[in-house]
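J.: with the sequence up front, the predicted model follows.
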Amino acid sequence: MQPFIEHARSLAIRSAVRPEEFARLAAGQSPQVLFITCSDSRVVPALITGARPGDLFELRTAGNIVPPHDSGHPTSEAATVEYAVEVLGVRDIVVCGHSHCGAVGALVRGDDLTAVPAVRDWLTHTTPCPEGEAHDAAVTEAVQNHVLTQLLRLRSYPCIKQRLDDGRLNVHGWFYEVHTGSVSRHDVHSDSFQAL
């Protein structure tokens, strides 16, 4: 923990040296992209995209799950999506899955999750279970299928559907390999993930 504390302390010193860089952040935010990805510590959106503070509006969930819009009760995920689209006016949404995903792997393998009931219950939002090879440690195919399911979920949100229909919004499916750093995107024409 100490290295993180030291870095946080030095941030104030760095901001004093370059006040204009940090001052512009106080004026508000206007991110270009809503970036939905997993909570996994190996997935760092700014590292993947090169984004600076204020560029990305991030939604991180276990397994980069987008719950159904009509789940019967408000969710922080739905609120984040709605705020990004309706208030911040993002023009693009990326759902980024990743290799070696513990959540998707647990689903594909049928792991017993009784010891972590909140995780088990959260993962019920993945219905249907992603298709893929249970013996593949990277769970590549399953994660890519899972990303496509989350994109379909997003399209069911009224604020997203409306903006997709009138061309004000684009959605993208990405797959990040934690062991290589490579990123691929879903190509709708070939219905496959291709290198960026």
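T.: Yep, it's here. Just so you know, these numbers come straight off a predicted model, no measurement behind them. Residues are numbered from 1 along each chain as shown.

J.: domain assignment for this structure?
T.: 1-29, 31-195 (automatic domain parsing).

J.: which of the ones you listed has the lowest average pLDDT?
T.: Note on the domains of the chain: domain 1-29 shows the lowest mean pLDDT, a mean of 78.

J.: over to that domain now: how far is its first residue from its last?
T.: 29 Å (C-alpha to C-alpha, to the nearest Å).

J.: now do it: distance to the chain's middle.
T.: In terms of C-alpha atoms, centre = their mean, to the nearest Å, the centre of domain 1-29 is set 25 Å apart from its chain centre.

J.: and among the domains of the chain, the most buried is which?
T.: domain 31-195 (a mean of 17; mean count of other C-beta atoms under 10 Å). Backbone N, C-alpha and C define where each C-beta goes, glycine included.

J.: and the end-to-end length of that one?
T.: By C-alpha to C-alpha, the extent of domain 31-195 from end to end equals 24 Å.

J.: for stretch 81-94, same thing?
T.: Stretch 81-94 stretches 11 Å from its first residue to its last (C-alpha to C-alpha).

J.: contact partners of it?
T.: The contact list for stretch 81-94 (C-beta atoms under 8 Å, 6 or more residues apart in numbering) reads 29-37, 57, 59, 66, 154, 157, 159-160, 163, 168-174.

J.: give me the subset of those lying in strands.
T.: Using DSSP state E, Val33, Leu34, Phe35, Ile36, Thr37, Phe57, Leu59, Asn170, Val171, His172, Gly173, Trp174 are the members of the contacts of stretch 81-94 that sit in strands.

J.: would you turn the residues you listed into CSV with distance to Ser190?
T.: As requested, the ones in strands among the contacts of stretch 81-94 are exported to CSV (distance: C-beta to C-beta, whole Å):
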residue, distance to Ser190
Val33, 23
Leu34, 25
Phe35, 24
Ile36, 23
Thr37, 23
Phe57, 29
Leu59, 27
Asn170, 18
Val171, 17
His172, 15
Gly173, 13
Trp174, 15
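
J.: closest to Ala118 out of those residues?
T.: The closest of these to Ala118 turns out to be Leu59 (C-beta to C-beta; 18.1 Å).
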